[in-house]
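Peer 1: A predicted structure for the sequence below; I have some questions about it.
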Amino acid sequence: MNTRRGEEIPGTIAVRQAHRFDEAALESLLQARVDGFAGPLAVFQFAGGQSNPTFVLETPVRRYVLRKKPPGTLLPSAHAVDREYRVISALHQSGVPVARTFALCEDPAVIGTPFYVMEYVEGRILRDPTLPGMTPAERRAIYDAMNEVLARLHRVEPATVGLQDFGKPGNYFARQIARWTKQYEMSRTDDIPSMTKLLAWLPAHIPPGEETRLVHGDYRLENMIFHPTEPRILAVLDWELSTLGDPLADLAYNCILYHTSGATTGGLVDVDFAATGIPCEADYLADYCRRTGRAKIPSWNFYLAFSLFRLAAIAQGILGRALQGNASSESAGQVGAQARFLADAAWRLAEKG
């Protein structure tokens, strides 16, 4: 398997200068802690991703994936690779598709920041939500798989997988709004009037009857690996924002492309659903409700506005890291500049709410 040619590993590049680390120290640790690991080791970096830098570790026998905290000054509670490692490890036998984990290292002395290592899952990452080149039946099946796995995740009882203390029960939205308000204020580079309005509107319009389930926090098409030929999810990726929270926050985040375009990908606003096979939002929500035993979803615009607000705060943090020069992706500046656009979209939904 080991070709030592990064271009043959989809989506990878040579390790960026800002993210280089002591590969010999890493190899030594893996030799001691991962059963079956054998060098020599070659390291390549995934070109995408905006938060935790992610790398392919290639050996003569197999490939692994390493995710680490980025270098530099970080916002409090951000880039929690230890939480990612814990939730992925816990879900491995749950029926929710995740990669197998191998090792967590919280000692920054090894490669500069904490990191974890998991298996490399071979498959497709579908970045364009319109799924060009597919038939209507194929598109419908891809969206149905995404919907089914989200419902499956939300049916997991946290205590049954040892995650009953993975977050605080209750008051999820109040805590999340407070957290992302703080993160936004700490990384703010400009005044965004719509964001200021949201900071007041959201806490005053939290719907009653919050639930507490395990939530992914960044559940979207781009964060999953599909089987090479089948409409089947092999692994859900990027669990950095996972916690115990309200499942409707996950669902709304998964649906925001029905209302706006992504920073680096298209959206579903102008899609001809009947012609493409992609389900319209109402049908997608109905499928989720059927799978989770839910009758209806009141206050839907609140959940959408909250999701876009949170995404705007995240984009502002990405922009802050880009200005510091320690962003994980070369498109960080472009993504970060979306903060105003996302906040404006959130406020339009709030006004309709």
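Peer 2: In hand now; what should we look at?

Peer 1: the helices in this protein, which residues?
Peer 2: Assignment of helices within the chain using DSSP state H yields the ranges 23-33, 81-91, 136-155, 172-187, 193-204, 247-255, 273-276, 281-292, 300-324, 332-336, 339-352.

Peer 1: least reliable of these going by mean pLDDT?
Peer 2: Mean pLDDT across the helices of the chain is lowest at helix 332-336; the value there is a mean of 54.

Peer 1: about what we covered before: format the helices of the chain as JSON lines; extra columns: mean neighbour count and distance to L237.
Peer 2: Backbone N, C-alpha and C define where each C-beta goes, glycine included. Listed next are those as JSON lines, based on neighbours: other C-beta atoms under 10 Å; distance: least, C-beta to C-beta, whole Å:
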{"stretch": "helix 23-33", "mean neighbour count": "15", "distance to L237": "21"}
{"stretch": "helix 81-91", "mean neighbour count": "20", "distance to L237": "9"}
{"stretch": "helix 136-155", "mean neighbour count": "19", "distance to L237": "12"}
{"stretch": "helix 172-187", "mean neighbour count": "18", "distance to L237": "21"}
{"stretch": "helix 193-204", "mean neighbour count": "17", "distance to L237": "28"}
{"stretch": "helix 247-255", "mean neighbour count": "24", "distance to L237": "14"}
{"stretch": "helix 273-276", "mean neighbour count": "13", "distance to L237": "25"}
{"stretch": "helix 281-292", "mean neighbour count": "16", "distance to L237": "20"}
{"stretch": "helix 300-324", "mean neighbour count": "24", "distance to L237": "16"}
{"stretch": "helix 332-336", "mean neighbour count": "19", "distance to L237": "17"}
{"stretch": "helix 339-352", "mean neighbour count": "20", "distance to L237": "22"}
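
Peer 1: for W239, find the nearest of these.
Peer 2: helix 81-91 (4.6 Å; C-beta to C-beta).

Peer 1: picking up where we left off before, I'd like the helices of the chain laid out as JSON lines, including distance to L234.
Peer 2: Formatted as JSON lines, those follow (distance: least, C-beta to C-beta, whole Å):
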{"stretch": "helix 23-33", "distance to L234": "23"}
{"stretch": "helix 81-91", "distance to L234": "13"}
{"stretch": "helix 136-155", "distance to L234": "10"}
{"stretch": "helix 172-187", "distance to L234": "29"}
{"stretch": "helix 193-204", "distance to L234": "36"}
{"stretch": "helix 247-255", "distance to L234": "18"}
{"stretch": "helix 273-276", "distance to L234": "24"}
{"stretch": "helix 281-292", "distance to L234": "20"}
{"stretch": "helix 300-324", "distance to L234": "26"}
{"stretch": "helix 332-336", "distance to L234": "26"}
{"stretch": "helix 339-352", "distance to L234": "30"}
